[in-house]
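**Q** need a structure here:
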Amino acid sequence: MTLEPVHMHKISELAKKIDCSFEIEEVKTAADIYSLLEELKLDGKVILKAIDRLYRGVVRTELMAQGEDPYPVTYACDSGSTNPKTYDSGLFVDFCHCGLAGTPTDIDIQRFRTIVCAAFSSSQRATIQATPDWETFDEGFGRAKLVTIAPDELKRKAPDMVHSFAMYLAESEHILFMKERIEPESFLIMDGPIYPKQLMYWMVLDDEEVRVRQNTNARKILQNYIDIMDYFLENRRPMIGFVKNPIDKQIMDSIRKKGEAFDLPWMLDSQFFKNLLSLEKVESASGHEERNSKNGKNGKHNDSRNAYITYTNWFLQPKRFYEKLLNGTSPLAAADSLQQELRHTFPPEDYALCFFMLYAPSKDVVFKVEAPYGLVKDDFLRMQITKKVLFDLSLHGFPLTLTKADHLAKIRKVERQEIDKFFKNMNPDTTYNDTRWGKMNEI
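**A** Residues are numbered from 1 along each chain as shown. Model prediction:
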């Protein structure tokens, strides 16, 4: 044992010095901040605004799970990755393997797979033979492709970029590959955000060290995500992005810049929403807040943390990312040597990002659910999407189909080690930590 009782005692004394500093009442602070979100502006620009009305709700999981599933046929898309790997030759490479899981289970649907390998070398002499077209395998159920990033396109962020290229291309291509094969009256869950935010950031940013905005595959990825939105908007089919670990800071940053009178204790938006949606906060707040009718008579509930889920209304984040890209006002469009705008079917505002937040006390975590405005602005679809997410979490604690997709697509440690052996002309670029932890069992 590394820490003996005497060490733990001293650590407890230090922890108490911090813990006692946070004996503050946060109900009013959270409620006051939430009232600002009806329409949050900064420098005259709308950062965030509530769709329909501002409210917080709570549902009893037992009652919700006994109800009817709004979409009995559910699909979820996820990709497994080797994670960016580097070799002693200077090569950066990542393999992503994407699959679609269904509930009820559909073996044929799950057999379809898309594999993308993204590679980068800073050497001009390295000739990596990218595949111009998809290579099929497994009797046509599988497709694979190798894409590259040119040496002059990256001076930093190589691991991030090869991962973004592999993951976003695999996921977007697989959804487009499968969209006509899934049941029409179904519900699609994407693992994570609905847009490739990290890649979009670097494509819009004017940075001489990360010059991927002209990369054909990067442009293809952006177009793929617009095509995905177009398909679901045109067919009025519900789809969401389920963000398991939201790390956004936009709301807290904007409020802090506004210089509001109250103290702001939270850095991350998720920290704020977790405080806001804790049941005692919901019950203590008043005024603009409303309780969901599924609490039962008189709004009473079981005190067990497994007995309820709390959530917010939907929010719209206007004039970010795709609206700018589609309006041709971003550096991406302005710097496009081909002067080719991204194709889109619907008005730019229909691609705006919308979301609502959930707090699951049973796991003590906050989730974020995203969807495009073109779907969310429809009152009925918005209600059905919300109900579906609450139903899945009430029944399983986490979207079951997303869990199945994760198991389907995951590339396990033993498989990653086997992939290393395929590179016979080079060795993995290991560090001391690889040696130290390499034999630990994967959890």
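**Q** make it CA atoms for all contacts and neighbour counts henceforth
**A** OK.
**Q** so residue 265 is in which element?
**A** Per DSSP states H and E, residue 265 falls between elements, in no helix or strand.
**Q** contacts only, for it.
**A** Neighbour list for residue 265: empty [criterion: C-alpha atoms under 8 Å, 6 or more residues apart in numbering].
**Q** give me the below-cutoff pLDDT ranges for this structure.
**A** 1, 21-28, 206, 261-262, 280-303, 305, 321-341, 433-443 (pLDDT under 70).
**Q** can you do 80?
**A** Scanning the chain for pLDDT under 80 picks out the ranges 1, 19-29, 204-206, 259-263, 279-306, 319-341, 430-443.
**Q** centre-most residue in it?
**A** When the chain is reduced to its mean C-alpha position, the closest residue under C-alpha atoms, centre = their mean turns out to be residue 192, at 2.3 Å.
**Q** what sits against it?
**A** Per C-alpha under 8 Å, 6+ apart, neighbours of residue 192: 241, 242, 243, 244.
**Q** residues near the nearest residue to residue 64 once chain neighbours are set aside, how many?
**A** Ranked by C-alpha to C-alpha, 6 or more residues apart in numbering and with sequence neighbours excluded, the top spatial neighbour of residue 64 is residue 391, at 5.8 Å. Other residues within reach of residue 391, judged by other C-alpha atoms under 10 Å, total 26.
**Q** can you tell me the SS state at residue 391?
**A** Here residue 391 is helix, with the state taken from DSSP: H, G, I helix; E, B strand; the rest coil.
**Q** name the nearest residue to the residue nearest to the centre of the chain, ignoring sequence neighbours.
**A** Nearest one to residue 192, counting by C-alpha to C-alpha, 6+ apart, is residue 243 at 4.3 Å.
**Q** so which of the contacts of residue 192 are in helices?
**A** Of the positions in these, not one sits in helices, assigned by DSSP state H.
**Q** helix or strand for residue 148, which one?
**A** strand 142-149.
**Q** mind checking what helix or strand follows that strand in sequence?
**A** By DSSP H and E, the next helix or strand past strand 142-149 is helix 158-178.
**Q** that following helix: what's the following helix or strand?
**A** Assignment by DSSP H and E places the next element after helix 158-178 at strand 187-191.
**Q** which elements pack onto that following strand?
**A** strand 74-81, strand 239-243 (3 or more C-alpha pairs under 8 Å, 6 or more residues apart in numbering; DSSP states H and E).
**Q** ok, that strand: who's next to it in the sheet?
**A** Strands adjacent to strand 187-191 in the sheet, as given by DSSP bridges, are strand 74-81 (parallel), strand 239-243 (parallel).
**Q** distance of the residue in the chain sticking out farthest from the centre from residue 82?
**A** Residue farthest from the centre of the chain, counting by C-alpha atoms, centre = their mean, is residue 6 at 43.1 Å. Distance, residue 6 to residue 82, using C-alpha to C-alpha, to the nearest Å: 42 Å.
**Q** quick one, what contacts residue 368?
**A** Applying C-alpha under 8 Å, 6+ apart, the residues contacting residue 368 are 242, 243, 244, 245, 246, 355, 356, 357, 358.
**Q** in what helix or strand does it lie?
**A** Short version, using DSSP H and E: residue 368 is in strand 365-372.
**Q** contacts for the helix or strand just after that strand?
**A** Where DSSP H and E defines the elements, the next helix or strand beyond strand 365-372 is helix 373-376. For helix 373-376, contacts defined as C-alpha under 8 Å, 6+ apart pick out 233, 236, 238, 316, 349, 350, 351, 352, 353, 354, 381, 382.
**Q** go again with 6 Å.
**A** 350, 351, 352, 354, 382 (C-alpha atoms under 6 Å, 6 or more residues apart in numbering).
**Q** surely the first one is within a helix?
**A** Yes. Under three-state DSSP, residue 350 falls within a helix.
**Q** ok, now which ones touch it?
**A** Here residue 350 is in contact with 373, 374 (C-alpha under 6 Å, 6+ apart).
**Q** tell me how many other residues crowd the residue nearest to residue 111 when sequence neighbours are not counted.
**A** Once flanking residues are discounted, residue 111 sits nearest to residue 141: 6.3 Å by C-alpha to C-alpha, 6+ apart. Neighbours of residue 141 under the rule other C-alpha under 10 Å: 14.
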